[in-house]
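Novice: Mind folding the following:
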Amino acid sequence: MINLLHIAEGWGKSLGWLDIDIETAELSKERLKICSSCPYAKESSFLKLFKGEARELEAIYCTSCGCPVNEKSLVKNEKCPKGKWKE
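Specialist: Predicted coordinates for the structure are as follows:
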């Protein structure tokens, strides 16, 4: 089920609007490492507004759930649809 608050939190942290604590940063790093070798992860470029400037960035999205992994990984309560992230 889609959680709009999680989506807002992930994008808020990704865009620098919300602070990222050390624990969340480490968790995100672990999750991105797992996703980087997952067959469901695909690289794509996204146009992202970052601190008032539009930039085209390379990012990973999940073909299983369709989520941008960079943003999803920043939300502690999110889960991998394939169960690859530890609880």
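Novice: and the nearest residue to residue 77 once chain neighbours are set aside, what does it touch?
Specialist: Nearest residue to residue 77, sequence neighbours excluded (Cβ to Cβ, 6 or more residues apart in numbering): residue 6, at 6.6 Å. Just so you know, the C-beta spots here come from the backbone N, C-alpha and C atoms, and that holds for glycine as well. By Cβ atoms under 8 Å, 6 or more residues apart in numbering, the residues touching residue 6 are 72, 75, 77, 78.
Novice: From residue 55, how far off is residue 6?
Specialist: 24 Å (Cβ to Cβ, to the nearest Å).
Novice: can you give me the strands in the protein?
Specialist: Under the criterion DSSP state E, the chain contains strands at 41-50, 53-62.
Novice: least reliable of those going by mean pLDDT?
Specialist: Looking at these, the lowest mean pLDDT belongs to strand 41-50 (a mean of 80).
Novice: my read: residue 81 touches residue 69, true?
Specialist: No: at 11.2 Å, residue 81 does not count as touching residue 69 under the criterion of Cβ atoms under 8 Å.
Novice: joint contacts of the two?
Specialist: With Cβ under 8 Å, 6+ apart, residue 81 and residue 69 have common neighbours residue 62.
Novice: Those two: who's more crowded?
Specialist: Of the pair residue 81 and residue 69, residue 69 is the one with more neighbours under other Cβ atoms under 10 Å, namely 25 against 13.
Novice: any idea how far residue 26 is from residue 52?
Specialist: From residue 52 to residue 26 the distance is 28 Å (Cβ to Cβ).
Novice: Tell me which of these two has more neighbours.
Specialist: residue 26 (10 against 5).
Novice: measure the more buried one to residue 45 for me?
Specialist: 26 Å.
Novice: List the contacts of the worst-scoring helix or strand of the chain on mean pLDDT.
Specialist: The helix or strand of the chain with the lowest confidence, counting by mean pLDDT, DSSP states H and E, is strand 41-50 at a mean of 80. The contact list for strand 41-50 (Cβ under 8 Å, 6+ apart) reads 14-16, 35, 54-63, 68-69.
Novice: what two of these are the furthest from one another?
Specialist: 16 and 63 (27.2 Å; Cβ to Cβ).
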